[in-house]
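Trainee: structure for the following, please:
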Amino acid sequence: MDMQDEIEGLAILIRDLRKHKNLTLGELAERIGRSVGFLSQVERGLSRPTVADLTAISETLGVPTTYFYSLSKPRALRWVTRPGERRTLYYAGGITDVLVSPSMSAGFSMLESHLAPGASSGEGHLDDSSEQGGFVLEGELSIWLGDDPHAVTLGPNDSFQLPPHSQFRYANLTEQPTRVLWVFR
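Mentor: Numbering: from 1, shown residues only. Coordinates of the predicted model:
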């Protein structure tokens with residue numbers, strides 16, 4: 001699958017789940033604090049949500065964020081994933097997440113996040129029901145927790161762990177790419 005196929009796959013998953021939950025575009029847009037026009041463009045594959053948008057959508061629709069990685073690619077071994085077999089989500093704001101876990105039905109899931117220079121999870125705080133942590137592989141990751149206006153900046157080999165429903169946002173404030181291995185439980 002190429003990037004456009006992945007974006008269209010995400011659009012279909014969001015639209016179908018919203019309809020399954022009997023919500024109108026307007027109801028979902030209001031609950032996530034975005035416009036109907038923006039959400040309509042996301043559902044048609046014309047715009048990409050930020051990480052914060054997709055987290056809000058998943059929480060509102062009652063599924064974990066990893067639900068949106070559920071379109072699987074064929075794999076030779078069920079417990080192994082190779083680069084060409086992985087699902088990828090392309091977000092607005094310069095973030096790309098690659099599902100590196102072989103299964104999402106296990107006790108945890110792993111993502112490799114790529115943050116372009118200046119990339120951000122979005123203006124709003126994430127409020128994910130999953131416990132999560134990360135390990136910075138390359139570059140720098142700045143994390144704002146709660147209402148603290150000061151970010152904690154992590155570099156290569158630094159790690160973090162956040163309990164469920166932590167209010168946070170993150171960004172790459174540098175001019176170099178950043179890679180982070182995220183673990184969700």
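Trainee: rest of the way, CA atoms for contacts and neighbours
Mentor: Noted.
Trainee: residue 110 and residue 154, how far apart?
Mentor: Per Cα to Cα, to the nearest Å, residue 110 is found 19 Å from residue 154.
Trainee: which element is residue 40 on?
Mentor: Here residue 40, judged by DSSP states H and E, is contained in helix 36-43.
Trainee: any idea which helix or strand comes after that helix?
Mentor: Downstream of helix 36-43, the first helix or strand assigned by DSSP H and E is helix 51-61.
Trainee: list the contacts of the helix or strand following that following helix.
Mentor: In the C-terminal direction, the helix or strand that comes right after helix 51-61 (DSSP H and E) is strand 88-90. With contacts defined as Cα atoms under 8 Å, 6 or more residues apart in numbering, strand 88-90 is touched by 3, 6, 7, 10, 48, 69, 96, 97, 98, 99.
Trainee: where in the protein is pLDDT low?
Mentor: Per-residue confidence for the chain (pLDDT under 70) gives these ranges: 1, 70-76, 103-105.
Trainee: max-length helix in it?
Mentor: Longest helix in the chain, counting residues (DSSP state H): helix 3-20.
Trainee: in it, what's buried?
Mentor: Buried residues in helix 3-20, counted by 16 or more other Cα atoms under 10 Å: 6, 7, 8, 9, 10, 11, 12, 13, 14, 15, 18.
Trainee: what is the burial count for the closest residue to residue 65 other than its chain neighbours?
Mentor: Nearest residue to residue 65 in three dimensions, chain neighbours excluded: residue 58, at 5.4 Å (Cα to Cα, 6 or more residues apart in numbering). Using other Cα atoms under 10 Å, residue 58 has 22 neighbouring residues.
Trainee: nearest residue to the middle of the protein?
Mentor: Per Cα atoms, centre = their mean, the C-alpha nearest to the average position across the chain is that of residue 51, at 4.5 Å.
Trainee: go ahead and confirm that one touches residue 91.
Mentor: Yes. Using Cα atoms under 8 Å, residue 51 is in contact with residue 91, at 6.4 Å.
Trainee: before we move on, the earlier item: which one's more surrounded, residue 110 and residue 154?
Mentor: Each of residue 110 and residue 154 has its neighbours counted (other Cα under 10 Å); residue 110 has more, 22 against 18.
Trainee: burial check on the closest residue to residue 10 other than its chain neighbours, number of neighbours?
Mentor: Spatial nearest neighbour of residue 10, excluding adjacent residues (Cα to Cα, 6+ apart): residue 68 at 6.4 Å. Counted with other Cα under 10 Å, residues neighbouring residue 68 total 19.
Trainee: roughly how far apart are residue 68 and residue 175?
Mentor: Counting by Cα to Cα, the gap from residue 68 to residue 175 is 29 Å.
Trainee: tell me the contacts of residue 162?
Mentor: Taking Cα under 8 Å, 6+ apart, one finds 131, 132, 133 in contact with residue 162.
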